[in-house]
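In: sharing a model prediction with you, sequence too.
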Amino acid sequence: MLNQRDFIDELVSICGKRYVHVTAASLERFRKGWRSGEGEAEAAVEPGSLLELWRVLKACVNADRIVIMQAANTGLTEGSTPNGNYDRPVVVINTLRLSKLHLLKGGTQIVSHAGGTLFELENLLKPFGRQPHSVIGSSCIGASIVGGVCNNSGGALVRRGPAYTELALYAQRRADGSLHLVNHLGMKLGDSPEEILTRLDRGEISDDDIIETNARASDDEYASRVREIDADTPARFNADARTLHETSGCAGKLAVFAVRLDTFPTETGERVYYIGTNDTAELTALRRALLAEFDPLPVSAEYLHRDTFDVARIYGKDSLLLIHWLGTEWLPSIFKMKGRLDGTFNGLSVLPKNLVDRIMQGLSRLFPEALPRRMLEWRDRFEHHLILKVGAPAAERTEALLDEIVGSKAWFACDEKEAKLAGLHRFVAAGAAARYGVCNPDTVEDVLPLDIALRRNDPDWFETLPEAIEKDLVAKFYYGHFLCHVFHQDYAVRKGADPKRVKQAMLALLDQRGAEYPAEHNVGHLYEAKPALANFYRELDPTNSFNPGIGRTSKQKTATE
C-alpha cells in the first residue's frame, strides 16, 4: 500500500492543492452527512474534469484505497459519507465541480456529467419548453442528476417514476482488481479512456455521435404501473429489480462519469388545489379516482399531516423564506458556506454543536409569517393536507371530483403565490424535522427518518402505532408523495430511549404491512440490503472497493483473482 504522504502528493499533482482536503476542518463537510451519518476519511478530493476524476480513481486503485463517490451530499440514509471502521483508508471523491450538461435531440435528451444538478438543468431546458425528471420542490436543493440515478430517486412528479437510465459512462473495478471505463452512453466517443473523457470535457459531442439502441433513458413504464391501484405491491422502491441496471440503483458501487437521460415537456397553465380533511378515507377515495380515471395523470399530489405543517412552519421557516426571496440559484452556495462554518465551529469544544442551525433558528423568529392566511385556516380546521397539481385541461373535472369527495368547503384553488408557498412549505419539511431534533436536545434523543413505499392497494396508509413504540416518541412527522404511496415518516425519539430498538420495531410493522423500504433513497447505512440488492452490489463491485458496507454489507476487501 502506498504511504500516505506519497499518495496525497499524487492527488495534489492531479487536482491541485486547493481541491485536496486533509485537515479535520476541511474534511468535515465531506465526511459528515447533510442530515446524519459521519465517518473518518484520509482525504476528500474535488476533481475539476472527467479526466482528473479518472486519474484520481486510478491513483486510489493503485494505492488500494476505498472510494466513496459523493455529489451534493443531500441523501437521507448516510450513503454518500464514510461510516464506522474500514480495513483500508477512505477517500471521498466529490463531483460537484463536474457540472457540465449537454443537450441532445433538440433538448429531448441530455448528457449530464457526474456533478450536474437539477436546478442547473431546469434553467438550461426552459427555453426548450422541457423539464428534467425531477424539479426543485420534488428534490433536495442542489441535488445532483447522477445521484438521483444512482439512488433510484423518485420525487414528487407522478408520471415519471424513479430516475432511471440504461445509458451511462462509468468506471468499474473488476474481479482481478483492474479499473475499466465502460461506455454505455450509446454514443461514439473514441476508444481510450483519455480520448472519451477529453471529448466530453470539451463538449465535443453531438447528435451525430448517437448510436441507435433500444436502451431506455427513463422509466417509461411507470405511469401505467402507478395506475394499478389494486396491486398488492408498491409502485416504486429502491430494491425493485425492474429498475436496477448498471448505474441505476448502484448506490456508489460504480464511479459514474456521465448519464444520458430523457427530458419531459413542461406543463403549462397548471392548477394547484389545497385540500383538507379529517377523514383519511376521503383521501383514499380521491387517490383511487385520480389514478384510475384521469388521463393524463395529475402532475403531483403532496401530503402533509398537521404536525408536519407545524414543524415546517417553525423549523423550516428560514429555508422557505430564503428560497422564496432569493430563488434556488443561491442556495447551493449558501449551504456550502454553512457546511464550512459547521466544520469550523464543531471543531471548537467551547461552542455548542450545530451552532449555525441554532443561530438560523433564532433569527427565523424575527421574520414575518411566511404562510398565506388560507393555509393557516386549513391548518386549524383539518388534520390531513394535500397539495394537488393538475394540468389546466383537468381543472374543471378535478374541482367536480373534490366537491364530490371532500366537499366544496374543504378545498381552495391556490393563486400563484399560495401555490408557490404551499409547495415550498412541503419541500422544507424534511429539513425542518431534522432541525427540530437539533434544537431540542433535552427532549429528543434522535430523529429517526423512514422512507417507505406502501402497497398500491393499502387503504390504511396512515399508521396507528402500538403503545410499546408510541411511548418512546415525542413527535411524529408524516409527509410524502401521496398518489405513489411513498411516504417520509420522521420520528422524534424520546430522550433516553433507544432509536435502534424503535427502528427495528417500526420496520417489523412495515414488513407485516407488505411495505418496502427505502422507497426513493438508497439503503445507505441505515437499512439492510435484501439479498437480491446485495447480490447486485457484489456483481457491480466484486473487490468491494467502492462504498463498502452500503446496506450493512461487509466492509472487508474481497480477494481478487
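Out: Nice, thanks for sending it over.
In: centre of the chain versus stretch 195-203, how much separation?
Out: Relative to its chain's centre, stretch 195-203 lies at 28 Å (CA atoms, centre = their mean, to the nearest Å).
In: same question for it, mean pLDDT?
Out: Mean pLDDT, stretch 195-203: 97.
In: buried residues in it?
Out: Within stretch 195-203, the residues that count as buried by 16 or more other CB atoms under 10 Å are 196-201. C-betas here are computed from N, CA, C, even on glycine.
In: run through who's touching stretch 190-207.
Out: 49-51, 53-54, 100, 102, 104-105, 111, 113, 169, 181, 183, 187, 189, 257-258 (CB atoms under 8 Å, 6 or more residues apart in numbering).
In: now swap in stretch 428-441 and tell me
Out: 35-36, 76, 304, 308, 311-312, 314-316, 319-320, 323, 354, 357-358, 361, 444, 446-447, 449, 475, 477, 479, 488, 490, 492.
In: where are the low-confidence patches of the stretch 301-450 of the chain?
Out: Filtered on pLDDT under 70, the stretch 301-450 of the chain yields the residue ranges 327-351.
In: please apply the same query to the chain.
Out: Using pLDDT under 70, the flagged stretches of the chain are 1, 34-35, 136-142, 327-351, 559-561.
In: between all of the buried residues of stretch 195-203, which two are separated the most?
Out: I196 and D201 (9.7 Å; CB to CB).
In: take the contacts of stretch 428-441 and keep only those in strands.
Out: Members of these lying in strands (criterion: DSSP state E): 304, 444, 446-447, 449, 475, 477, 479, 488, 490, 492.
In: so which of the contacts of stretch 190-207 belong to strands?
Out: 102, 104, 111, 113, 169, 181, 183, 257-258.
In: what subset of the contacts of stretch 190-207 is buried?
Out: Counted by 16+ other CB under 10 Å, the contacts of stretch 190-207 give 49-51, 53-54, 100, 102, 104, 111, 113, 169, 181, 183, 187, 189, 257-258 as buried.
In: what strand or helix carries Y273?
Out: strand 271-277 (DSSP states H and E).
In: mind listing what's buried along that strand?
Out: Buried-residue list, strand 271-277, by 16+ other CB under 10 Å: 271-277.
In: ChimeraX command to pick out the buried ones of the contacts of stretch 428-441?
Out: Of those, the buried ones can be selected in ChimeraX as follows, counting by 16+ other CB under 10 Å:
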select :35,36,76,304,308,311,312,315,316,319,320,323,354,357,358,361,444,446,447,449,475,477,479,488,490,492
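In: and the furthest pair within the ones in strands among the contacts of stretch 428-441?
Out: L304 and D446 (22.2 Å).
In: surely R306 is in contact with W378?
Out: No - look at R306 against W378 with CB atoms under 8 Å: they stay out of range, at 9.4 Å.
In: overlap of the contact sets of these two?
Out: Joint contacts of R306 and W378 (CB under 8 Å, 6+ apart) are H385.
In: okay, the two: which has more neighbours?
Out: W378 (21 against 18; other CB atoms under 10 Å).
In: OK, contacts around that one?
Out: 274, 276, 385, 412 are the contacts of W378 under CB under 8 Å, 6+ apart.
In: separation between the closest residue in space to the second one that isn't next to it in sequence and E396?
Out: Taking CB to CB, 6 or more residues apart in numbering, and ignoring the residues beside it in sequence, G276 has F382 as its nearest neighbour in space, at 3.0 Å. Computed as CB to CB, to the nearest Å, the F382 to E396 distance reads 24 Å.
In: compare neighbour counts for those two and give me the winner.
Out: Applying other CB under 10 Å to F382 and E396 shows that F382 carries more neighbours, namely 19 against 10.
In: the more buried one is in contact with T277, isn't it?
Out: Yes - F382 is in contact with T277 according to CB under 8 Å; the separation is 5.8 Å.
In: who touches both of these two?
Out: A410.
In: may I see the buried residues of strand 271-277 arranged in a markdown table, with distance to K420 as well?
Out: Shown next, in a markdown table, are those (distance: CB to CB, whole Å):
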| residue | distance to K420 |
| --- | --- |
| R271 | 14 |
| V272 | 9 |
| Y273 | 14 |
| Y274 | 12 |
| I275 | 17 |
| G276 | 19 |
| T277 | 23 |
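In: which one of those residues is nearest to I68?
Out: The closest of the buried residues of strand 271-277, once distances to I68 are taken by CB to CB, is V272, at 39.2 Å.
In: OK, contacts around the closest one?
Out: By CB under 8 Å, 6+ apart, the neighbours of V272 are 387-389, 413-414, 418-419, 422-423.
In: hey, what's it bridged with?
Out: K389 (DSSP bridges).
In: show residues contacting the helix or strand hosting C60.
Out: Here C60 sits within helix 50-62, counting by DSSP H and E. Helix 50-62 has contacts (CB under 8 Å, 6+ apart) with 2, 7, 10-11, 14-15, 45, 47, 66-67, 91, 93, 95, 98, 113-114, 171, 173, 177-179, 181, 193-194, 197-198, 200-201, 255, 257-258, 545.
In: show the buried residues in those residues.
Out: By neighbour count, with 16+ other CB under 10 Å, the contacts of helix 50-62 hold 2, 7, 10-11, 14-15, 45, 47, 66-67, 91, 93, 95, 98, 113-114, 171, 173, 177, 179, 181, 193, 197-198, 200-201, 255, 257-258, 545 as buried.
In: show the contacting residues for the residue lying closest to H384 once chain neighbours are set aside.
Out: Nearest non-adjacent residue to H384, counting by CB to CB, 6+ apart: T277, 5.1 Å away. Counting by CB under 8 Å, 6+ apart, T277 touches 283, 382-384, 386, 406, 410.
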